[in-house]
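Chemist: with the input below, show me the fold.
(one chain, ligands or ions: 1)
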Amino acid sequence: MEGLQLIATGGALPGRVVTNEDLSQLVDTSDEWITTRTGIRQRHFCAEGETAATLAVSAARQALERSGLQPEQIGCCVCATLSGAYATPSTACLVQKELGLAQDIPVLDVNAACSGFIYGAAVARGLLATRPQDDRRYALVIGCEQLSRLMDMTDRNTCVLFGDGAGAVLFEAVEGAEFAVDLGARGDMAIETPPCGPIRMDGRAVFRFAVDALPRTLHAVLDATHHTLDEVDWVVCHQANSRIIDHCVKKLEADSAKFYKNMDRHGNTSAASIPVALNELAETGRLQPGMRLACIGFGGGLTWGGMLITVKGSAV
Ligand code: COA
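Modeler: Residues are numbered from 1 along each chain as shown. You can find the predicted model right below:
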């Protein structure tokens, strides 16, 4: 059975930086409240002309350039997003057009909210597996969001949490590569956002769900690959809230240095948060060939997803 290996990453963050101080001019909040409750200090919002798709194209182009692959070598393209501009064309189709990917490959969007990148990688692996004779064994998986377009900027419960961005990862399907994925959902715990309305959330319920789902799905992928947490180089969790990660580190009695965090600079970028984090690790030389990574998503739906992968090349 083929497993996915990470071969290159890319990222894109929109130009407009919004600080906690900026938000305190809009709603009754403070830098102190946001920082202590979430660890978020600033986030990026799309400016005029920027969308989830424009960010996705930039991130994907960067990953492709860094991989040294040609567009026609890509075997499928999956975009994880809940904030694409159109019902159709999908964001992935817009990426296909801009990057000049082949026409005879599957190209689609996946919506599993903040777990979307993990779901997207699993879908991509499945798509490649349906075409075993095709020698294009590379999957382009992108997480991209323009959450600022779905936010109620008068609701202090949510408007301080989210940001925009995109991350892209090129995976290669390699026979025998160490790989595990664990996916699930609790539709019965859904926190409904009204049709076409802004994002709503019961923060405490999501917090309770996250601190249960995160360690559980991490253990599932470790057990599936017969590894311990000590044998993992990085745990890249969805960057919703610093306290969720701290809570899990404590529960797992784990080394906090392994749990990457960047929500202070980007806020919660939903499906983009894990690939943006992977790209930052790669760009700063902290993803080395052979490294073992556990990526863990959790969020709206409610959904969760864990994935254990290894790094193939030098990653950037
Ligand atoms: N600034 C100031 N006060 C705020 C605020 C803000 N931005 N947002 C909420 N408050 C207020 C609430 O109204 C409440 O006031 P009240 O007690 O007078 O009703 C008070 O702060 C405490 O609210 P509470 O919900 O208990 O805060 P909390 O400690 O649970 O933190 C979250 C709120 C949202 C930060 C926290 O629940 C959380 O991180 N949840 C997970 C959310 C998440 O990450 N979702 C995405 C997952 S993918």
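Chemist: and this protein, which residues reach the ligand?
Modeler: Along the chain, the residues adjacent to the ligand under the rule CB under 6 Å from any ligand atom are 29, 33-34, 37-38, 114, 156-157, 160, 201, 203-204, 206-207, 240-241, 268, 299. Quick note: C-beta positions are derived from backbone N, CA and C, even for glycine.
Chemist: only the buried members of those residues: can you turn that into a ChimeraX selection?
Modeler: Buried subset of the residues of the chain next to the ligand, written as a ChimeraX selection, criterion 16 or more other CB atoms under 10 Å:
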select :29,34,37,38,114,156,160,201,206,207,240,241,268,299
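Chemist: so which of the residues of the chain next to the ligand sit within strands?
Modeler: Among the residues of the chain next to the ligand, the ones falling in strands (DSSP state E) are G299.
Chemist: low-confidence ranges, this structure, go.
Modeler: 191-196, 313-316 (pLDDT under 70).
Chemist: longest helix of it?
Modeler: Longest helix in the chain, counting residues (DSSP state H): helix 203-225.
Chemist: other SSEs contacting that helix?
Modeler: Here helix 203-225 touches strand 180-185, helix 242-252, strand 292-299, strand 303-311, going by 3 or more CB pairs under 8 Å, 6 or more residues apart in numbering; DSSP states H and E.
Chemist: just the buried positions in that helix, please.
Modeler: So, applying 16+ other CB under 10 Å, buried residues of helix 203-225: 206-207, 209-211, 213-218, 220-222, 225.
Chemist: again with stretch 301-316
Modeler: Buried residues in stretch 301-316 (16+ other CB under 10 Å): 301-313, 315-316.
Chemist: next: stretch 19-27.
Modeler: Neighbour-count burial for stretch 19-27 [16+ other CB under 10 Å]: N20, L23, S24.
Chemist: what sits against the first one?
Modeler: To tie it back to what came earlier, the one meant is N20. With contact set as CB atoms under 8 Å, 6 or more residues apart in numbering, N20 has these partners: T29, S30, D31, I34, T35, I40, R41, Q42, V160.
Chemist: distance of it from D223?
Modeler: 39 Å (CB to CB, to the nearest Å).
Chemist: residues contacting L252?
Modeler: Per CB under 8 Å, 6+ apart, neighbours of L252: P215, L218, L229.
Chemist: next, format the residues you listed as JSON lines and append distance to L278.
Modeler: Shown next, in JSON lines, are the contacts of L252 (distance: CB to CB, whole Å):
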{"residue": "P215", "distance to L278": "20"}
{"residue": "L218", "distance to L278": "16"}
{"residue": "L229", "distance to L278": "18"}
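Chemist: ok, of the residues you listed, which one's closest to V174?
Modeler: Nearest to V174 among these: L218, at 23.0 Å, using CB to CB.
Chemist: the closest one contacts G306, correct?
Modeler: Yes - assessed by CB atoms under 8 Å, L218 is found in contact with G306 at 5.8 Å.
Chemist: what touches both of the two?
Modeler: Common neighbours of L218 and G306 (CB under 8 Å, 6+ apart) are A294, I296.
Chemist: how about the nearest residue to G163, chain neighbours excluded?
Modeler: Distance criterion CB to CB, 6 or more residues apart in numbering; nearest residue to G163, sequence neighbours excluded, is R43 at 3.0 Å.
Chemist: what's near enough to touch the one you found?
Modeler: V17, V18, F162, G163, D164, R265, H266, G267, T269.
Chemist: what does G163 give?
Modeler: V18, R43, H44, F45, L147, S148, H266, G267, N268, T269.
Chemist: which of these sits closest to the ligand?
Modeler: The ligand has its nearest neighbour among those in N268, at 5.5 Å by CB to the nearest ligand atom.
Chemist: give me the beta-bridge partners of that closest one?
Modeler: F162 (DSSP bridges).
Chemist: may I have the distance across stretch 238-256, first residue to last?
Modeler: End-to-end distance of stretch 238-256: 15 Å, with CA to CA, to the nearest Å as the criterion.
Chemist: which part of the stretch 1-150 of the chain gets nearest to the ligand, residue-wise?
Modeler: For the stretch 1-150 of the chain, CB to the nearest ligand atom, closest residue to the ligand: T29, 3.2 Å.
Chemist: pretty sure that residue is touching R156, no?
Modeler: Yes - using CB under 8 Å, T29 is in contact with R156, at 4.9 Å.
Chemist: show me where this protein has its helices.
Modeler: Under DSSP H, the chain gives helices at 20-23, 31-38, 52-67, 91-99, 116-129, 156-159, 203-225, 242-252, 263-266, 273-283.
Chemist: quick one on the thing from earlier: nearest to S256, of the contacts of L252?
Modeler: Using CB to CB, these come closest to S256 at L229, 11.8 Å.
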